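# fold the following.
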Amino acid sequence: MFQLDDKFLEDMGLGSLPDEQKRAFLQHIYDELELRVGTRLSEGLSDAQLQEFEAIIDHKEPEVNAWLQQYVPAYATDPAYNNLVQAMGLPAESIDVKSEYVATKWLEVNRPDYRDVVAGVLNELKAEIMTNRSAILGDETPQAPAA
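Prediction:
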């Protein structure tokens, strides 16, 4: 998995951005990645599937618990679930943990290519950043008018 952090910015040639701009730019990249991935993943899904996934990511407890009961009733013993509990630092029965787990499982079932979609969108964003690196850094020198 990738991290949107200072190393990411350094890899993109943006390590010299001031700290405040780094935070804002990383948030912008995260928001853009989320929007583009969501748009791509929604292609080909039914309205019912989209509504179900929306309920999951909106942490609607009845829907999350119903999905778990139907598809992964032994989720609490899944090592992936327990790793998520540890990584998030929340109680095992937290709706935040459950929703994150169910969202991943739901994508595995309904969009098994989701990891490829995320990687593809991230690569597109990286290419855009590299293409516009000078403008992002403010290094573009205006062209002198021809004499």
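# so which residues make contact with whichever helix or strand residue 21 is part of?
In this structure, residue 21 sits in helix 19-42 according to DSSP states H and E. Outside of helix 19-42, the residues within contact range by C-beta atoms under 8 Å, 6 or more residues apart in numbering are 4-6, 8-9, 14, 17, 50, 107, 111, 114, 117-118, 120-122, 124-125, 129, 136. To be clear about C-beta, it is placed using only N, CA and C from the backbone, and glycine gets the same treatment.
# if you set the cut-off to 7 Å instead, what comes out?
For helix 19-42, contacts defined as C-beta atoms under 7 Å, 6 or more residues apart in numbering pick out 4, 6, 9, 17, 50, 111, 114, 117-118, 121-122, 125.
# any low-confidence regions in this protein?
Residue ranges of the chain with pLDDT under 70: 1, 140-147.
# tell me where it has helices.
For the chain, applying DSSP state H gives helices covering 6-11, 19-42, 47-57, 61-71, 79-88, 95-110, 114-131, 133-137.
# kindly format the C-alpha coordinates of the longest one as PDB.
Put plainly, it is helix 19-42. C-alpha atoms of helix 19-42 as PDB (Å, rounded to 0.1, in the frame of the first residue of the first chain):
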ATOM      1  CA  ASP A  19       5.200  22.400   5.600                       C
ATOM      2  CA  GLU A  20       1.800  24.200   5.400                       C
ATOM      3  CA  GLN A  21       1.700  23.800   1.700                       C
ATOM      4  CA  LYS A  22       2.700  20.100   2.000                       C
ATOM      5  CA  ARG A  23      -0.200  19.400   4.300                       C
ATOM      6  CA  ALA A  24      -2.700  21.200   2.000                       C
ATOM      7  CA  PHE A  25      -1.300  19.500  -1.100                       C
ATOM      8  CA  LEU A  26      -1.400  16.000   0.500                       C
ATOM      9  CA  GLN A  27      -5.000  16.700   1.500                       C
ATOM     10  CA  HIS A  28      -5.800  17.800  -2.100                       C
ATOM     11  CA  ILE A  29      -4.200  14.600  -3.500                       C
ATOM     12  CA  TYR A  30      -6.100  12.500  -1.000                       C
ATOM     13  CA  ASP A  31      -9.400  14.200  -1.900                       C
ATOM     14  CA  GLU A  32      -8.800  13.900  -5.600                       C
ATOM     15  CA  LEU A  33      -7.800  10.200  -5.300                       C
ATOM     16  CA  GLU A  34     -10.900   9.500  -3.300                       C
ATOM     17  CA  LEU A  35     -13.100  11.200  -5.900                       C
ATOM     18  CA  ARG A  36     -11.500   9.600  -8.900                       C
ATOM     19  CA  VAL A  37     -11.400   6.100  -7.400                       C
ATOM     20  CA  GLY A  38     -15.000   6.400  -6.300                       C
ATOM     21  CA  THR A  39     -16.100   7.500  -9.700                       C
ATOM     22  CA  ARG A  40     -14.300   4.700 -11.400                       C
ATOM     23  CA  LEU A  41     -15.500   2.000  -9.000                       C
ATOM     24  CA  SER A  42     -19.100   3.100  -9.300                       C
END
